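Peer 1: Sequence plus the predicted model coming up.
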Amino acid sequence: MDYDIENIKNPCTNMNNQHIRSTMIDKWDVLPIDQVKVELFKNGELAVEIYFDGHGSTKSDWFSKDRLRSNSFNDLTQSSTTNFFSMDGDPKYARHLFISKRYGSCNSDYGWFVVSDISDAASRSCYFDRLPGKAYPYILYGADQHVARFNYVNEVDLADKMIISISMV
């Protein structure tokens, strides 16, 4: 089988609003996928790695707690308490690829990772959903490799690039 990855030398980045989508996504169901890897980068340096079991997955269900293999967070496992762990995340607030521990008020919203991708300040009461001067989409993650309060800028970092890759058997 021959599978092309388009623009492989030009990785996905939101810094210049360049997003690349491989045609392999459209063939996901027939690919012998072993593992899916999510990598977050800050200032060109790898900041977070998350590995998922890709066997029998679809292009929309691989990002889940029960498929979690390993990651670089110190306190995230399959037995961690989460209220969201999915690609869809919390669509009410446009929080996708969302790994959240719990909701409280904005200052008590804890999690590991979130992609905020729609600018609609009227429906967004939390600071972390509408960062001033930041272009959407943006990616927040626990800065010290552990769960963080998203609303506290000293506890989260903003990734400048995310790469999702697959390995096949």
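Peer 2: Right, received. Where do you want to start?
Peer 1: State the distance from the residue most central in space within the chain to residue 88.
Peer 2: For the chain, residue 97 is the residue whose C-alpha lies nearest the centre (CA atoms, centre = their mean; 4.3 Å). To residue 88, residue 97 is 9 Å away according to CB to CB, to the nearest Å. For every residue, glycine as well, the C-beta is placed using N, CA and C.
Peer 1: does the residue nearest to the centre of the chain really touch residue 89, like I thought?
Peer 2: Yes. Applying CB atoms under 8 Å, one finds residue 97 in contact with residue 89, separated by 6.4 Å.
Peer 1: Mind listing the shared neighbours of those two?
Peer 2: Common neighbours of residue 97 and residue 89, using CB atoms under 8 Å, 6 or more residues apart in numbering, are 114, 115.
Peer 1: where does this structure dip in pLDDT?
Peer 2: Low-confidence segments of the chain (pLDDT under 70): 1-19, 119-123.
Peer 1: Would you map the strands across it?
Peer 2: Assigned by DSSP state E, the strands in the chain fall at 33-42, 45-53, 68-71, 84-86, 95-102, 110-116, 138-142, 148-149, 156-159, 161-168.
Peer 1: Touching the fourth one from outside, list them.
Peer 2: By that I understand strand 84-86. The contact list for strand 84-86 (CB under 8 Å, 6+ apart) reads 63, 64, 65, 68, 90, 95, 98, 99, 100, 111.
Peer 1: Quick check: of the residues you listed, which lies closest to residue 126?
Peer 2: Using CB to CB, residue 95 is the member of the contacts of strand 84-86 that sits closest to residue 126, with 9.6 Å.
Peer 1: what about the residue lying closest to that closest one once chain neighbours are set aside, how many residues close to it?
Peer 2: The shortest distance from residue 95 to any residue other than its chain neighbours is 4.5 Å, reached at residue 89 (CB to CB, 6 or more residues apart in numbering). Number of residues near residue 89 (other CB atoms under 10 Å) recorded here: 23.
Peer 1: repeat for residue 87
Peer 2: Neighbourhood size, residue 87 [other CB under 10 Å]: 14.
Peer 1: Going forward, count from 41.
Peer 2: Renumbered: residue one is now 41, and that last one reads residue 127.
Peer 1: Sounds good, over and out.
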